[in-house]
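Chemist: show me how the following folds:
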Amino acid sequence: MFITNICSFSSNKLDWSSTKYKDVDEWIKFGKKHLRRTYRNGGVGPYAFDCSGFTMYMYKELGYALPHSSSAQSDHGEKIKATHVQPGDLVFYAGSKGSKIGHVGIVIETTDDDFSFIHASLKQGICIDKSTHPYYKSRYKTARRIFDMTADNSKKRHDKEKSTEEIQPTPQPQEEELELPGQTTDDVDNQSIDNSVDKRNSVDKNKKNTPKKKESRRERRKKEKAEKQRLEKEKAEKQRLEREKAEKKKQENARQNTKKDVEKDSQKISPKNDEQPAITKKTHVVEKGETMYRISKMAGLTVDELKEINGLTSNDLKIGQVLIIEK
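Modeler: As a prediction, this is how the structure comes out:
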C-alpha cells in the first residue's frame, strides 16, 4: 500500500483523493493536534519528536518517505524562494552550533510579509513560530516543495467517498487515532525509547484517572498540630505588640503627669526673697538632656546671667527644675 501511494505522487501536484485528507488545511489541522508534544532527540512520534522526525511523520501521512535528517530532507523536492512558499512546504534553518542545515519545519500559513511554520522546538516541543522572529530570520537557509498542495482535488475525493459509502457505509476512522510511523534506517535504535515514552504516557493517563488517596489520620493530626502552633504564635505576637503599645502609652501619660505636677508646684511656691523665681517672670521647666548652656542660649542670656537671676552657684540641673529665663 505504501509503495502504491508513492507511485500516485509521481507528479509534482498532490492528488488529495489518494490520501485520507481532503486538502492541505485538514492535513495541517492534523499536525496542530500534536502541539506541545515533547521534544526528544531521535523521536519520530506520535508522543515525542525531533524536528526531522516530525516532518517525516507528517509526510508519512501523505505516503511520502522523508529521511530522518533535516540536512538530508533539504535534498528532496523543488527548491523555492522564501517569498514563494505555500502551506505544506518545508523550510530549513542553520543549526545552533554552525552554519549548516540543522533544523526543519512545515509552512502552515503565509502573508505578504512573512509565513508561519510548525516544528519541533528543543524547549517548547511541537510549536508554531513566525519567519520574522529574529532567531529564525537570521538562520534561514532554504525552502523545498515536495508537492504542490494547492491543487483542488476535493471534488474527486467527494465522489470517491460518496461511491464508497453507497457500497459499504462504514464510518471513517477518527483523526485522534494516531498511527505510529514506520521505521527508517535511523529509527531502529530509537524504537525502544519510543515504546518507553508510550508506556510513560499511558501511566500518566492512569494517574489522572486514579482517585486521590484519602488522607491518613496521622497526616491529618500533623496538619492540625501545625495549624494550632501557627495560631498560637500569631496570638502571642499580637499580645506582645499590645503590651508594648500599652507600656508606651503608660510612659507617655507618666511623663505628661510629671510635667503637670511640676508646673503646679512652681505656681504654689511663694517668693520669700529676691533669689526665688517670680511667678510673673517667664520660666522654663528643665527636661531630660537639657544643659545650662542650652537653656541660656534659648533665653538669649549668658550662663552667668541665667545663674545669677536664678540664684544658682553651679551648672547642675535637675529634671523638672523651674528656671527664670527672663531678666
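
Chemist: tell me who's in contact with residue 139.
Modeler: Contacts for residue 139 (C-beta atoms under 8 Å, 6 or more residues apart in numbering) come out as 93-94, 103. No exception for glycine: its C-beta is placed from N, CA and C like everyone else's.

Chemist: what mean pLDDT does the helix of greatest length in the chain have?
Modeler: Using DSSP state H, we find that the single longest helix of the chain is helix 217-268. Mean per-residue pLDDT for helix 217-268: 86.

Chemist: in the helix or strand following that helix, what counts as buried?
Modeler: Proceeding N to C from helix 217-268, the next assigned helix or strand is strand 283-285, under DSSP states H and E. Neighbour-count burial for strand 283-285 flags 283-284 (criterion: 16 or more other C-beta atoms under 10 Å).

Chemist: by contact count, what packs against the longest helix of the chain?
Modeler: Using 3 or more C-beta pairs under 8 Å, 6 or more residues apart in numbering; DSSP states H and E, the elements in contact with helix 217-268 are strand 283-285.

Chemist: and the strand it packs on, which strands flank it?
Modeler: strand 322-324 (antiparallel) (DSSP bridges).

Chemist: pLDDT of the strand it pairs with, averaged?
Modeler: Here the average pLDDT along strand 322-324 is 90.

Chemist: all strands of the chain, in order?
Modeler: 38-39, 48-49, 78-80, 90-94, 101-110, 115-121, 125-130, 140-145, 283-285, 322-324 (DSSP state E).

Chemist: contacts for the second one next, please.
Modeler: If I follow you right, that is strand 48-49. 34, 37-40, 43, 57, 120, 125-126, 194, 197.

Chemist: pLDDT and distance to residue 112 for those residues - can I get that in TSV?
Modeler: As requested, the contacts of strand 48-49 are exported to TSV (pLDDT from 0 to 100; distance: C-beta to C-beta, whole Å):
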residue	pLDDT	distance to residue 112
34	96	28
37	95	31
38	95	35
39	96	31
40	95	36
43	95	35
57	97	30
120	96	27
125	95	30
126	97	27
194	43	41
197	42	40
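
Chemist: could I get those residues as a markdown table with neighbour count and distance to residue 67?
Modeler: Below are these laid out as a markdown table (neighbours: other C-beta atoms under 10 Å; distance: C-beta to C-beta, whole Å):
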| residue | neighbour count | distance to residue 67 |
| --- | --- | --- |
| 34 | 19 | 20 |
| 37 | 20 | 21 |
| 38 | 15 | 22 |
| 39 | 20 | 19 |
| 40 | 20 | 18 |
| 43 | 26 | 15 |
| 57 | 23 | 13 |
| 120 | 27 | 16 |
| 125 | 19 | 22 |
| 126 | 22 | 20 |
| 194 | 22 | 18 |
| 197 | 19 | 22 |
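
Chemist: so which of those residues is the closest to residue 51?
Modeler: Nearest to residue 51 among the contacts of strand 48-49: residue 120, at 4.6 Å, using C-beta to C-beta.

Chemist: just want the most central residue of the protein.
Modeler: With distances taken as C-alpha atoms, centre = their mean, residue 124 lies nearest the centre of the chain, 13.5 Å away.

Chemist: for that residue, give me its contacts.
Modeler: Counted by C-beta under 8 Å, 6+ apart, residue 124 has contacts 36, 39.

Chemist: any chance of the contacts of strand 48-49 in CSV, plus distance to residue 23?
Modeler: Shown next, in CSV, are those (distance: C-beta to C-beta, whole Å):
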residue, distance to residue 23
34, 19
37, 23
38, 29
39, 28
40, 31
43, 28
57, 19
120, 24
125, 26
126, 21
194, 30
197, 31
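
Chemist: pick the one among those residues closest to residue 83.
Modeler: Minimum distance to residue 83 across the contacts of strand 48-49 is 25.0 Å, recorded for residue 120 (C-beta to C-beta).

Chemist: for residue 104, see how far away residue 295 is.
Modeler: Distance, residue 295 to residue 104, by C-beta to C-beta, to the nearest Å: 90 Å.

Chemist: my bad, should have said residue 49
Modeler: 11 Å.

Chemist: then residue 116?
Modeler: 15 Å.

Chemist: neighbour count winner among these two?
Modeler: Per other C-beta atoms under 10 Å, whichever of residue 116 and residue 104 has more neighbours is residue 104, with 28 against 17.

Chemist: bridged to that one, which residues?
Modeler: residue 92.

Chemist: show me where pLDDT drops low in the chain?
Modeler: 1-11, 151-214, 262, 265-281 (pLDDT under 70).

Chemist: swap the cut-off to 90 and go again
Modeler: Counting by pLDDT under 90, the chain contains low-confidence ranges at 1-13, 95-99, 112-113, 150-222, 250-284, 288-289, 292-318, 321, 323, 325-327.

Chemist: walk me through the domains of it.
Modeler: 2-166+185-198, 257-327 (automatic domain parsing).

Chemist: dump the ones you listed into TSV; add distance to residue 246 as well.
Modeler: Below are these laid out as TSV (distance: least, C-beta to C-beta, whole Å):
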stretch	distance to residue 246
domain 2-166+185-198	59
domain 257-327	16
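
Chemist: how far off centre is stretch 36-46?
Modeler: In terms of C-alpha atoms, centre = their mean, to the nearest Å, the centre of stretch 36-46 is set 23 Å apart from its chain centre.
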